[in-house]
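K.L.:
Build the 3D model from these lines:
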Amino acid sequence: MSQSARHVGRDRAVSVGLYLRMGAVVALLLGAPVGAILYLLFGTHDVTNPVGVAGAVVVGTVALGGVQYAFGVRSTLDGVDAAAIDAADAPGLVARVERLADEMDIATPTLYVASLGGPNAFAVGRRGSGAVVLSSELLRELDADEVVGVAAHELAHLRHRDSVLMTAATTIRRVVVTLVTAAAAFAVLLAAVLVEGSNDRGRSGVDWERTSALLVGGALVATTNVYLLLTMALSRHREFAADAAAARAVGDHRGLVSALKTIETAARRRGEPATDSATAALCIRGSVRSRLAGLFASHPPTAARIHALERRFGTPDDASVKSATP
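P.N.:
Down below sits the predicted model:
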């Protein structure tokens, strides 16, 4: 087995592992509040209603994700005032993107340009109908090979369906937070009713309402943060995978490495771009506003991404720089 094939296999294994862990956490986070609410409402005697409610939760989650994805692509493009790039205005770039799309076995995405406050780019949609947005600052400040490296990275996201995946993860997180919050409120209310009914408030010396609120609130924070941590870990891994796939498609990783360095330098010079957090999470360089960047960041540090590329394919000063093609 070639080294490239081993890397691809490892990428897939890590992704599958993350999917399984996220699925287990989702099952716990969704199952615990939904199960508790169904049990308290219907008990264990009538399974028809609980099954129906659980089914409604699943269908509602899928529908919410579909609506969010369908409207999210257009709203994201409108939100940055993206304009389509005419092939007559950038024939070389459009031709190279078409070749890369063919190499990656995806439909050629529509190219857009927008001002993102600095050199950056992002992709939305799926492999059959995607869109790649390149910032006007990126087209102005990066050379042709760097721009192609960035475009290949975004095409890799479309090929891997990362936009769809992260939309699903975000939708599930919102549903989880809503359900856990509802279960928490119900539990606190139930505790208050039980305490009032028992007339045990004064004798025990324990403020059960406050105690139950603290316990449930702590559980809410802990469970939602566990899922958030796994979601961000998956997002960071997808960035590494997109970098590697871009290098393989182009046949040389050095353009992407140079682009990452240029983008990082520009970001440090100008500060964080004025894009919203949802758009920043899609960009080739995400926001680094979080103090706990190593755990809650959607993107790995630029230095780590460059190191990963050079470890796989060689450094610019290495006379034996490996071809990025399999």
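K.L.:
Can you say which helix or strand has residue 245 in it?
P.N.:
Secondary structure from DSSP states H and E places residue 245 in helix 208-250.
K.L.:
ok, now residue 125?
P.N.:
Under the assignment given by DSSP H and E, the secondary-structure element containing residue 125 is strand 121-126.
K.L.:
when you compare where that strand runs with where helix 208-250 runs, what's the angle?
P.N.:
Strand 121-126 runs at 100 degrees relative to helix 208-250, counting by axes from the mean of the first three to the mean of the last three Cα atoms, to 10 degrees.
K.L.:
now for strand 121-126, which elements pack on it?
P.N.:
Contacts defined by 3 or more Cβ pairs under 8 Å, 6 or more residues apart in numbering; DSSP states H and E place strand 121-126 against helix 48-79, strand 129-135, helix 144-159, helix 162-198, helix 277-282. Every residue, glycine included, has its C-beta placed from N, CA and C.
K.L.:
between those, which has the poorest average model confidence?
P.N.:
Mean pLDDT is lowest for helix 48-79 among the helices and strands packed on strand 121-126, at a mean of 64.
K.L.:
residues contacting the closest residue to residue 305 other than its chain neighbours?
P.N.:
Closest residue in space to residue 305, ignoring its immediate chain neighbours: residue 243 at 5.6 Å, by Cβ to Cβ, 6 or more residues apart in numbering. Taking Cβ atoms under 8 Å, 6 or more residues apart in numbering as the criterion, residue 243 is in contact with 153, 156, 253, 256, 305, 308, 309.
K.L.:
Now do the buried residues in stretch 122-136.
P.N.:
For stretch 122-136, burial by neighbour count (16 or more other Cβ atoms under 10 Å) applies to 122, 123, 124, 125, 126, 127, 130, 131, 132, 133, 134, 135.
K.L.:
Tell me who's in contact with the residue found closest to the second one once you drop the neighbours it is linked to in the chain.
P.N.:
Setting aside the residues directly before and after it, residue 123 is nearest to residue 154 in space (Cβ to Cβ, 6+ apart), at 3.9 Å. Shown in contact with residue 154 (Cβ under 8 Å, 6+ apart): 109, 121, 122, 123, 132, 242, 284.
K.L.:
Can you report how many residues lie near residue 268?
P.N.:
The number of residues packed near residue 268 is 12, by other Cβ atoms under 10 Å.
K.L.:
make that residue 185, sorry
P.N.:
Counted with other Cβ under 10 Å, the neighbours of residue 185 add up to 13.
K.L.:
mind checking how far it is from residue 235?
P.N.:
In this view, residue 185 and residue 235 are 30 Å apart by Cβ to Cβ, to the nearest Å.
K.L.:
Also residue 150?
P.N.:
Between residue 150 and residue 235 the distance is 18 Å, computed by Cβ to Cβ.
K.L.:
Comparing those two, which shows the higher neighbour count?
P.N.:
The neighbour count for residue 150 versus residue 235, taken as other Cβ under 10 Å, is higher for residue 150 (28 against 21).
K.L.:
Quick check: the gap between that one and residue 120.
P.N.:
When distance is defined by Cβ to Cβ, residue 150 is 9 Å away from residue 120.
K.L.:
okay, and the common contacts of these two?
P.N.:
Common neighbours of residue 150 and residue 120 (criterion: Cβ under 8 Å, 6+ apart): 138, 263, 284.
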